[in-house]
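Novice: Everything below, folded, please.
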Amino acid sequence: MPYTPPPELASLSIAEIAELAAAQKLPPVDQWDPQETGDSEMRIAADGTWYHQGDPIRRPAMVRAFSSILRREPDDSYALVTPYQKLSIVVEDAPFVAVELESQGSGADRTLAFRLNTDHLVVADADHPLRFGADKPQPYLQVRRGLEALLARPVYYQLAELALEEGGDPIGIWSAGIFFPMATN
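Specialist: Below you'll find the model as predicted:
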């Protein structure tokens, strides 16, 4: 079955994006406890590029497939998990990168939706909070079960511009009724 990426975020309402995000079906990797373990010989670079045995994986469909079976372990390591096998994978920063942002509304009525480098869609809300580092303003979005997306620089700039336009004190951004402060004291 051929893969059809979701439409451009700008062409959709937030309600349509949220509907598409909710319809994304992922395997229940958190319920699997395979006995066979090993090393996948894979790595996700800080820029979101996936590598196998040192070579970039050039097929987006393969990256999407692998990303759907990615799990964060209790010791903060990462693994690719099937019902039969669990293979470790190195993640340099975050396993995903948010590459596109759509904002609708303003202030407390704003909702933010993100497209990841894997074409998954995520709406920032209580279950998918935005987080800004204490030592550096590096922003992250909770994707699922301990997996985060680093916001790509252009997306972060777009987000910062929206927050500055709002002029709140403290500076931050609203999404789906939740305020996410951008600076920690």
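Novice: Just the residues contacting stretch 96-108, thanks.
Specialist: With contacts defined as CB atoms under 8 Å, 6 or more residues apart in numbering, stretch 96-108 is touched by 8-10, 12-14, 17, 47-48, 67, 110-118, 120, 122, 141, 143, 147-152, 155, 158-159, 162, 166, 174, 177, 179. In this view, the C-beta of every residue, glycine as well, is placed from N, C-alpha and C.
Novice: change it to 6 Å
Specialist: By CB atoms under 6 Å, 6 or more residues apart in numbering, the list of residues contacting stretch 96-108 from outside reads 9, 14, 48, 111-117, 141, 143, 149-152, 155, 158, 162, 174.
Novice: ditto for stretch 46-59
Specialist: Contacts to stretch 46-59, defined as CB under 6 Å, 6+ apart, come from residues 41, 42, 43, 44, 63, 92, 93, 97, 117.
Novice: List buried residues within those residues.
Specialist: 42, 43, 44, 63, 97, 117 (16 or more other CB atoms under 10 Å).
Novice: Does anything pack onto the lengthiest helix in the chain? Which helices or strands?
Specialist: Across the chain, the longest stretch assigned as helix under DSSP state H is helix 153-166. On a contact count with 3 or more CB pairs under 6 Å, 6 or more residues apart in numbering; DSSP states H and E, helix 153-166 meets strand 96-104.
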